[in-house]
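>>> Here is my input, please return the structure:
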Amino acid sequence: MNITKSIIETTIKTVGRKRINRYLKRRGIKFEIARQGATYYSYYWQSARKKRDLREDDDFWKLSTEIIKEKRTFLKYDRLFTFWQILQRLPYPGDPVVEIGTYRGGSAKFLYQAIKKMNLNCPLYVFDTFEGHAVVDADLDGRHKVGSFSETSYEEVKNYIDAAEVEIIPGDFLKTAGVLEPIQNFSLIHIDVDVYPVTKFCLAFFKPRTKPGSVIVIDDYGNNYCQGLKQAVDEFVQENADFCMHYLLSGQALLFRLKKSDDMRQ
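Below is the predicted model of the structure:
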């Protein structure tokens, strides 16, 4: 066993991981050598055969597969299933759902289609600059630059979602958030903005616009390339005892309001 392992490791080192993966792909072999080896990440799928098979949920599997095949979102089955579960158990099913940062619209379309499938009577608001990041923190946000993720457009996403009842608002959320001022509670808030300044602003803005049980989903909290975003969330949780956070192995973080606070709108 040790001899075989040594031979494999030597081959990878000599030929190169990327070259081997390209060769396997050209031969149609659905196998890829991970940077640190698959066993390094095995805890992600520990006892996977014992766990619930998401393919058994026909409605979820059909919708999520269609969205993923359209290649307009980076979200895969695990992250989409988070939204599916939340929507199934919304504590305020008539209150709005909002997404900040939709990029090419895939996650927004999933939310809209899931809301329809479940016959939920909740409006959906979607925000994005459609021109990439409008602002970043140069010290905290690493590789993220102003203009990153600009390969999209308002018209393209509007036509893709193709739903008059979905309100899509273009522009920097720091300037367009006022559209939501009159709304007192959001049942589900999806924040997918990657960077510190906008994440911090979003959390402060939505804090007085949630009730106990409302859910805020922060995408990429566990992404090592989004340390600014993580810091904004950690600061928010430390400063607000009426919120608790759960980190999921999907890379998402869930924020829940636990109780009513002084800044809660009546």
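>>> Walking through the stretch 151-266 of the chain, point out its strands one by one.
166-170, 188-191, 215-218, 243-247, 253-257 (DSSP state E, counting those that start in this stretch).
>>> Compile those strands into a markdown table and extend it with columns for mean neighbour count.
No exception for glycine: its C-beta is placed from N, CA and C like everyone else's. Below are the strands of the stretch 151-266 of the chain laid out as a markdown table (neighbours: other CB atoms under 10 Å):
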| stretch | mean neighbour count |
| --- | --- |
| strand 166-170 | 18 |
| strand 188-191 | 25 |
| strand 215-218 | 24 |
| strand 243-247 | 14 |
| strand 253-257 | 20 |
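>>> Point out the one among those that comes closest to L140.
Set against L140 and scored by CB to CB, the strands of the stretch 151-266 of the chain come closest in strand 215-218, at 15.3 Å.
>>> Chain neighbours aside, what residue packs nearest to the most centrally placed residue in the chain?
Here the mean C-alpha position of the chain is nearest to the C-alpha of D219 (CA atoms, centre = their mean), at a distance of 3.4 Å. Nearest residue to D219 in three dimensions, chain neighbours excluded: D192, at 3.9 Å (CB to CB, 6 or more residues apart in numbering).
>>> about what we covered before: and of the strands of the stretch 151-266 of the chain, who's closest to V157?
In terms of CB to CB, the element of those nearest to V157 is strand 166-170, at 6.5 Å.
>>> can you give me the offset of that closest one from its chain's centre?
A distance of 18 Å separates the centroid of the chain from that of strand 166-170, by CA atoms, centre = their mean, to the nearest Å.
>>> With just CA atoms, put it into CSV.
Output in CSV follows, covering the C-alpha atoms of strand 166-170 (Å, rounded to 0.1, in the frame of the first residue of the first chain):
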residue,chain,number,x,y,z
VAL,A,166,-39.9,40.2,-9.5
GLU,A,167,-38.6,43.7,-8.8
ILE,A,168,-35.0,44.0,-10.0
ILE,A,169,-33.2,47.1,-8.9
PRO,A,170,-29.9,48.0,-10.6
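>>> Who are the packing partners of that strand?
Secondary-structure packing of strand 166-170 (3 or more CB pairs under 8 Å, 6 or more residues apart in numbering; DSSP states H and E): helix 106-117, strand 124-128, helix 154-161.
>>> which other residues reach it?
Outside strand 166-170, the residues within contact range by CB atoms under 8 Å, 6 or more residues apart in numbering are 102, 108, 112, 123-130, 154, 157-158, 161, 176, 179.
>>> my read: V233 touches L203, true?
Yes - using CB atoms under 8 Å, V233 makes contact with L203 at a distance of 7.1 Å.
>>> what residues are shared contacts of these two?
Here V233 and L203 have L255 as joint contacts, going by CB under 8 Å, 6+ apart.
>>> does G147 sit in a helix, a strand or a coil?
Following DSSP: H, G, I helix; E, B strand; the rest coil, G147 is assigned to coil.
>>> which ones are touching it?
Listed by CB under 8 Å, 6+ apart, the contact partners of G147 are 131-133.
>>> how near is it to I191?
Counting by CB to CB, to the nearest Å, the separation of G147 from I191 is 20 Å.
>>> Would you mind giving the domain segments of the chain?
Listed by automatic domain parsing, the domain ranges of the chain are 2-49, 52-257.
>>> can you give me the offset of the first one from its chain's centre?
Distance of domain 2-49 from the chain centroid (CA atoms, centre = their mean) equals 28 Å.
>>> Now that domain: average pLDDT?
Domain 2-49 carries an average pLDDT of 74.
>>> dump the residue contacts of D194.
Shown in contact with D194 (CB under 8 Å, 6+ apart): 101, 133, 141, 144, 148-149, 220, 226, 228-229.
>>> actually L24, not the one I typed
For L24, the contacting residues are 31-32, by CB under 8 Å, 6+ apart.
>>> Please identify the helix or strand for it.
Of the helices and strands defined by DSSP states H and E, L24 is found in helix 17-26.
>>> picking that back up, could you redo the strands of the stretch 151-266 of the chain as JSON lines and give each row mean pLDDT and distance to F81?
Output for the strands of the stretch 151-266 of the chain, formatted as JSON lines (pLDDT from 0 to 100; distance: least, CB to CB, whole Å):
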{"stretch": "strand 166-170", "mean pLDDT": "98", "distance to F81": "21"}
{"stretch": "strand 188-191", "mean pLDDT": "98", "distance to F81": "14"}
{"stretch": "strand 215-218", "mean pLDDT": "98", "distance to F81": "12"}
{"stretch": "strand 243-247", "mean pLDDT": "96", "distance to F81": "15"}
{"stretch": "strand 253-257", "mean pLDDT": "96", "distance to F81": "13"}
